[in-house]
Structure formats: structure tokens, C-alpha cells
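**Student:** give the three-dimensional model of this entry:
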Amino acid sequence: MLFQIAWRNIWRNKARSLVVISSIIIGVWAGIFILSFSWGMYKNNIDESVYIQLSHIQIHHPTFKEENDSKYTITNTDEKMKQFQADNRIASVSSRVISPGMITSPTTASGVKIYGINPSSEVTQIRLNEYVSQGAYFDSGKENEMLIGEKLAKKLKVKLKSKVVLTFTNTKSEIISAAFRIGGIYRSKNISLDEVNVYVQQKHLQELLELKPSESNEIAILVKDEKELDTIKNFSVGVVPNGKIEDWKELSPELEMIIESFNLYTYIISGIILLALTFGIINTMLMSVLERIRELGMLMAIGLNKRKIFIMIMLETFYITLIGTPIGLLTGWLTVTILGRTGINLSMFSEGLASYGFSSMIYPALDHDKYVIIVGMCIITGILSAIYPAYKALQLNPSEAIRKI
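**Tutor:** Numbers count the residues shown, from 1 in each chain. All right, here's what the predicted structure looks like:
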């Protein structure tokens, strides 16, 4: 009986009930959209960092990163590369020679990080060829060809075919200067890296550094399934027993922190939205109770005890929440699904986003467990919001309430 009475009470004032239900729908939708948009940005940043900059696993000489000196190498790289390439769990693997240095143009100079790469290997590794905006990706066949970022090219005031000089120290701590010709200019989604990273032919850089052809400073690995990451790390220990093996979470702890803290963001963002919604529900239910003082007094007078009055008010709020939450959830899920495919184009903010490593194309995404958290918080909000109006109803004196005009 209470269930039916509570249901009918909701629709006695349809406009007011529909306003509250609409508020819940908009609140749930807004929470889902904000979270999915935020996670879409973060996920894009993480993917760009892993697939363009870090790779899933990096292997170095134990001292290389501490000293930042190219003389600390991994030996017999070719043999180790073959072992990694033979493993079908690995999507791609490449070796790199790395040296800090200075790049000088006729007008100015800048500090850079010089990567000696095998162009064909990096096509599947960092896909740098996809970001070449001017020129070509190492197609001249000349050993002194160089690829630099668009931001660095502007800083140096150089263009395609311009001549620049790289200065660095070799493995014998001797200062080396070598002339290079700009064969291509690239623009990635992280322009802060474009300003410091330059790419040259690995073989030529090895010769300048006086390294052996089988020596490199870094082996980078991309895996097919990230669930296999720990397994492949253990496998890497057997291939490079004396190397320092790190996955992307160890290489970039801030990315790991983003993932771990996103659950907290879920509660905070949803909590703020639902807190605002709580006051709306309390206000509406309190008005509903105050408008029915005489009616509630009569129900008490004919024998409906306070416990049942309390349950009835709670059920009214619960019904409203139960109507609004699924609709808001469905609306939010559809929004995320559609925009997750089409994306949100923020090209007008591309410069600002790129400076922080974010893409101008955002694809909202949200894990299923976040939907469960939002639904749970909505139901709890609805129940808590009903307590105060129900409590006020219990304070009524039946004899006084009946005489209320």
C-alpha cells in the first residue's frame, strides 16, 4: 500500500516532480561527460607518451641515465634485437643511439637531444614519419640527413635543406662537430619535445661517437597486449641480463599517478555535482511535505504510524531518483559512445594543448566501473536527501496538523 501511495504522491504535482527528475538526469549526464572528457584527454596524453616518446619498455646501460653519457652502451645489440623480434608478444622493437648536444644555425644555437635511429624500425615504433609536415622522412639516402621539430626550426630560423652543425662529445670525451642537412621538419602532438629532439641516421652517429655498429644506448619495446608487460620485462632480463629494464610507469611516474588518482577525481567531481543536486531534492521534498501537513495529520490520526510516514516520504524520493538516474546514465553512455567515435575537435586551442602534450582531438572514454560508482552515489544521494523532509514530517502533531489551513 505504501508503495502505491508514494508513487501517486509523486505525480500529484507533475511539474515539480519532472523538474527534479530532469535535474537528476542532467546531473548524472554532466558527471559522466566531465569524467569521460577528462579521461579522454589523459588517456590520449598517456598513449602519446607511450607510443611516441617512451615505448612500453626501455632498456639502458645501468649508468647511462645517471651520467647521460653515450659511452655507456648495450653491447651486441643486433643479437638481442633478433631475440626480441622473434617473440610474437612484442609488436615492435628498435635500438637507438642517444647523445646530448648543441645545434647551431647561422643565427642562433640551442641545446638538443640527438637520437640516432634506424628509420625503418621507427616507422612501427614512434611513427615519426606520420608527423613530417615538410620534406620527407629520411628518403634522400644521405648519411648527414636530419629531422627536426617545427618549433626548433622556427627557433633556429632554418628551413628545409638548411645546413646546421651538431656539437657533442664522443665516447673519449672529445668534442665533435658535424654538419647536417635538414631533410624533414616534423610537428608532433607534444611541441615541447619538438623543440629538443632531433633525429639522425644511427650508423652515422655511431661513427661520430666512435661506437661499434653493434652498440646502442637504448632498446625500446612496444608490446601487443599490455597485460603481458611484466612477463616481457622478465623475459628482457634474460636477453639483457646487465641492463636496466624499466616500463613506462617507471619511466614516467606522473602518468602512473594520473591513472591511480582518477578514481579520486571520479568521487570528487561526482560529489560536487550531486551535492548541488541534493539541495534541490531536499527543497522539493520539503515543499511537498509542508503542502501536505493536513493530509499527513489525518493519516496519523487514523492510525498510520510515524515509521510508515517516514518510509512513505523516503519512497517518494527514492522513486524520483530511480526514474532520473537510469535515464541520465543512458544519456551519458550514448554521449560518450558517440563522441568516443567522432571525437571533440579543439583545434582552436591546439597550440596551448600541444604545449602540454595534449592532442586537439579528444575522444571521451569511461570504464564501466565508473558508471557503477556514479549510479551508487546517485542512489545514496537520493536516500540522504529524503531524510530531512521525512524527519520534518515526523515532527507533526496530528491534532494541530488536521486544523492546518
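
**Student:** got any ranges where the stretch 201-350 of the chain has weak pLDDT?
**Tutor:** Scanning the stretch 201-350 of the chain with the threshold set as pLDDT under 70 gives 293, 303-304, 349-350.

**Student:** do a quick rundown of the helices in it.
**Tutor:** For the stretch 201-350 of the chain, the helices defined by DSSP state H, counting those that start in this stretch occupy 202-209, 229-239, 248-251, 253-291, 293-301, 306-342, 350-355.

**Student:** what's the answer for the stretch 1-150 of the chain, then?
**Tutor:** Using DSSP H, counting those that start in this stretch, helices in the stretch 1-150 of the chain cover 2-10, 14-48, 64-67, 77-85, 119-125, 150-156.

**Student:** of the ones you listed, which is nearest I219?
**Tutor:** Nearest to I219 among the helices of the stretch 1-150 of the chain is helix 77-85; the distance by C-beta to C-beta comes to 6.7 Å. All C-beta spots, glycine's among them, are computed from the backbone N, C-alpha and C.

**Student:** angle of the closest one against helix 229-239?
**Tutor:** Here the directions of helix 77-85 and helix 229-239 differ by 150 degrees (axes from the mean of the first three to the mean of the last three C-alpha atoms, to 10 degrees).

**Student:** who touches helix 77-85?
**Tutor:** 74, 90, 93, 95, 213-216, 219, 221, 236, 239-240 (C-beta atoms under 8 Å, 6 or more residues apart in numbering).

**Student:** at 6 Å what do you get?
**Tutor:** Applying C-beta atoms under 6 Å, 6 or more residues apart in numbering, the contact partners of helix 77-85 are 90, 93, 95, 214, 216, 239-240.

**Student:** so how far is that helix from its chain's centroid?
**Tutor:** With C-alpha atoms, centre = their mean, to the nearest Å as the basis, helix 77-85 stands 32 Å off its chain's centre.

**Student:** check which residues of that helix are buried.
**Tutor:** 77, 80-81, 84 (16 or more other C-beta atoms under 10 Å).

**Student:** next one: the residue lying closest to L156 once chain neighbours are set aside relative to F180, how far apart?
**Tutor:** Among residues not flanking L156 along the chain, S105 sits closest, at 3.9 Å (C-beta to C-beta, 6 or more residues apart in numbering). Going from S105 to F180 by C-beta to C-beta, to the nearest Å gives 11 Å.

**Student:** likewise for I327?
**Tutor:** Distance from I327 to F180, by C-beta to C-beta: 61 Å.

**Student:** to L384, which of the helices of the stretch 201-350 of the chain lies closest?
**Tutor:** Using C-beta to C-beta, the nearest of the helices of the stretch 201-350 of the chain to L384 is helix 253-291, at 6.9 Å.

**Student:** wait, doesn't L205 sit right on N118?
**Tutor:** No - counting by C-beta atoms under 6 Å, L205 stays clear of N118, with 11.0 Å between them.

**Student:** so for those two, which residue has more residues nearby?
**Tutor:** Taking other C-beta atoms under 10 Å, L205 and N118 do not tie; L205 has more neighbours (24 against 18).

**Student:** residues contacting that one?
**Tutor:** L205 neighbours (C-beta under 6 Å, 6+ apart): 97, 116.

**Student:** mind doing that once more with 8 Å?
**Tutor:** 97, 99, 114, 116.

**Student:** possible to save the residues you listed as TSV with neighbour count and distance to L296?
**Tutor:** Putting these into TSV (neighbours: other C-beta atoms under 10 Å; distance: C-beta to C-beta, whole Å) gives the following:
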residue	neighbour count	distance to L296
V97	26	82
S99	25	82
I114	26	80
G116	25	82
